[in-house]
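Trainee: using only what follows, build the 3D model:
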Amino acid sequence: MLPKVSVTVPVYNTSKYLKKCLDSLSLQTLIEIEFILVDDGANDGSGEICDQYAKKDSRFKVIHQSNGGLSKARQTGLNNAKGEYVIVCDSDDWVEPEIYEKLYNAANNNNADIAVCGFISEYDNGQSIPSQIVFKENNGIVDSFDFIARGAGSSWIKLVKRDLFVKTGTIYEPGINMSEDSLLVYKLCKGNPKVIQIEENLYHYRREYGGQSYTNNIKMAHIHQLYYTYNWLKNNYIGDIYKGIIYKRAVDLAFACLRVNDLDKTFLSKFMKEELPWNKILSNQSNPKTLIIIIEKCLPLFITQTIVKHLYRLVYK
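Mentor: Down below sits the predicted model:
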């Protein structure tokens, strides 16, 4: 019997947390499920841990491959998935026992293409912060525009019908390991999916203050990946209705540059002048809410004068 859900777990040097992740998967209440563990060339014993779980539980399947990055590992899992629906789980996170059963039932009972839930950010100081975007709905179905505008990212809380990947020709872009979740959602939404939401926090997202994740250690190479996603969005969502979404993405990219140690000032200058010209920010032409977004993002940066140093002096001098 084919599984109802396939869960892909990319694994790379997370042996410290891996057992907690796999233990939480082994406790899933959904019976017809498979877990595809993709050992992406780990060298800390993570691969051996995966093999141990596969030996004692037939739901676990292990694929060992040379290191190719997060997107390649996720694509390997997708290529080998047999479930009606697919989802990913990061190997340093953990999940509630009923997460996949609840997501599957919500999707299946409503003939939906995507089912989404909330999550809890778990910090290394013991702090837990619930987080969920509650989308606008029309007759119990998530509003498609609101989902595109606010739902990009966090693919580990989005159960997706495998056929939607085929319908839209969506794959994880090789080499895009930052903002890969956002890019994936933008691509899937081109298929006009029916989306259902569960207002429960069922996924535990591990966060570390000052950790070694992409988001905590942004380099110029990551900025170019964000730029790739920005360009894809801009070139594929055309029309006045999407201008606010695209503009906010440009703002996010510009502010990400403020956290880059090896910042390419020429890149930032060119990007700001082309995508965020000062007269456009002040006139607020693209979206009535844009100036509010700018002010909200800038306020703490003005206090530290970082915004002045990195934007005014680099771009508008």
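Trainee: can you tell me the closest non-neighbouring residue to residue 30?
Mentor: Ranked by CB to CB, 6 or more residues apart in numbering and with sequence neighbours excluded, the top spatial neighbour of residue 30 is residue 101, at 3.9 Å. For the C-beta atoms, the positions are set from N, CA and C on the backbone; glycine is no exception.
Trainee: list the contacts of the one you found.
Mentor: 28, 29, 30 (CB atoms under 8 Å, 6 or more residues apart in numbering).
Trainee: also residue 97?
Mentor: Per CB under 8 Å, 6+ apart, neighbours of residue 97: 24, 27, 28, 29.
Trainee: can you classify the last one as helix, strand or coil?
Mentor: By that I understand residue 29. coil (DSSP: H, G, I helix; E, B strand; the rest coil).
Trainee: next one: residue 37
Mentor: strand.
Trainee: correct me, but it touches residue 54?
Mentor: Yes - Residue 37 lies in contact with residue 54 (CB atoms under 8 Å); the separation is 7.1 Å.
Trainee: between these two, what contacts are shared?
Mentor: 60, 61, 62.
Trainee: on that earlier part again, nearest to residue 78 among the contacts of residue 97?
Mentor: residue 28 (19.2 Å; CB to CB).
Trainee: I figured that closest one was touching residue 99, is that so?
Mentor: Yes - using CB under 8 Å, residue 28 is in contact with residue 99, at 7.5 Å.
Trainee: and these two? Which one has more around it.
Mentor: The residue with more neighbours, out of residue 28 and residue 99, is residue 99; 30 against 19, by other CB atoms under 10 Å.
Trainee: nearest spatial neighbour of the more buried one, skipping sequence neighbours?
Mentor: residue 202 (3.9 Å).
Trainee: do you know how far that neighbour is from residue 28?
Mentor: Distance, residue 202 to residue 28, using CB to CB, to the nearest Å: 11 Å.
Trainee: give me the common contacts of those two.
Mentor: In contact with both residue 202 and residue 28: 95, 98, 99, using CB under 8 Å, 6+ apart.
Trainee: what about the residues you listed, which are in strands?
Mentor: Taking DSSP state E as the definition of strands, the shared contacts of residue 202 and residue 28 contribute residue 95.
Trainee: looking at the shared contacts of residue 202 and residue 28, which is nearest residue 20?
Mentor: residue 95 (10.3 Å).
Trainee: just list the residues touching the closest one, thanks.
Mentor: For residue 95, counting by CB under 8 Å, 6+ apart, the contacting residues are 24, 25, 28, 89, 202, 203, 204.
Trainee: might one say that the residue nearest to residue 99 is in contact with residue 118?
Mentor: Yes - in this structure, residue 202 is within contact of residue 118 by CB under 8 Å, at 7.1 Å.
Trainee: list residues touching both of these two?
Mentor: Contacts common to residue 202 and residue 118, judged by CB under 8 Å, 6+ apart, are residue 157.
Trainee: okay, now the domains of the protein?
Mentor: 5-207, 220-315 (automatic domain parsing).
Trainee: okay, those domains, which one's buried deepest?
Mentor: Ranked by mean neighbour count, the domains of the chain are led by domain 5-207 with a mean of 19 (mean count of other CB atoms under 10 Å).
Trainee: average pLDDT across that one?
Mentor: For domain 5-207, mean pLDDT is 96.
Trainee: tell me the span between the first and last residue of that domain.
Mentor: Counting by CA to CA, to the nearest Å, you get 26 Å between the two ends of domain 5-207.
Trainee: distance from that domain to the middle of the chain?
Mentor: Relative to the centre of its chain, domain 5-207 is centred 9 Å away, using CA atoms, centre = their mean, to the nearest Å.
Trainee: a helix runs through residue 63, doesn't it?
Mentor: No - secondary structure of residue 63 (three-state DSSP): strand, not part of a helix.
Trainee: who's in contact with it?
Mentor: Applying CB under 8 Å, 6+ apart, the residues near residue 63 are 36, 37, 38, 39, 76, 77, 80.
Trainee: beta partners for the third one?
Mentor: Spelled out, it's residue 38. residue 10, residue 63 (DSSP bridges).
Trainee: my read is that it contacts residue 67, right?
Mentor: No - between residue 38 and residue 67 there is no contact under CB under 8 Å: 10.9 Å.
Trainee: using CSV, list the CA coordinates for the helix of greatest length in the chain.
Mentor: Assignment by DSSP state H gives helix 220-236 as the longest helix of the chain. Only the C-alpha atoms of helix 220-236 are listed here, as CSV (Å, rounded to 0.1, in the frame of the first residue of the first chain):
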residue,chain,number,x,y,z
MET,A,220,27.3,37.8,0.0
ALA,A,221,26.7,34.4,-1.7
HIS,A,222,23.4,34.1,0.3
ILE,A,223,22.4,37.6,-0.9
HIS,A,224,22.8,36.5,-4.5
GLN,A,225,20.4,33.6,-3.7
LEU,A,226,17.9,36.0,-2.3
TYR,A,227,18.3,38.1,-5.4
TYR,A,228,17.6,35.0,-7.5
THR,A,229,14.3,34.4,-5.7
TYR,A,230,13.4,38.1,-5.9
ASN,A,231,14.0,38.1,-9.7
TRP,A,232,12.0,34.9,-10.2
LEU,A,233,9.1,36.5,-8.3
LYS,A,234,9.3,39.8,-10.2
ASN,A,235,9.4,38.0,-13.6
ASN,A,236,6.6,35.5,-12.9
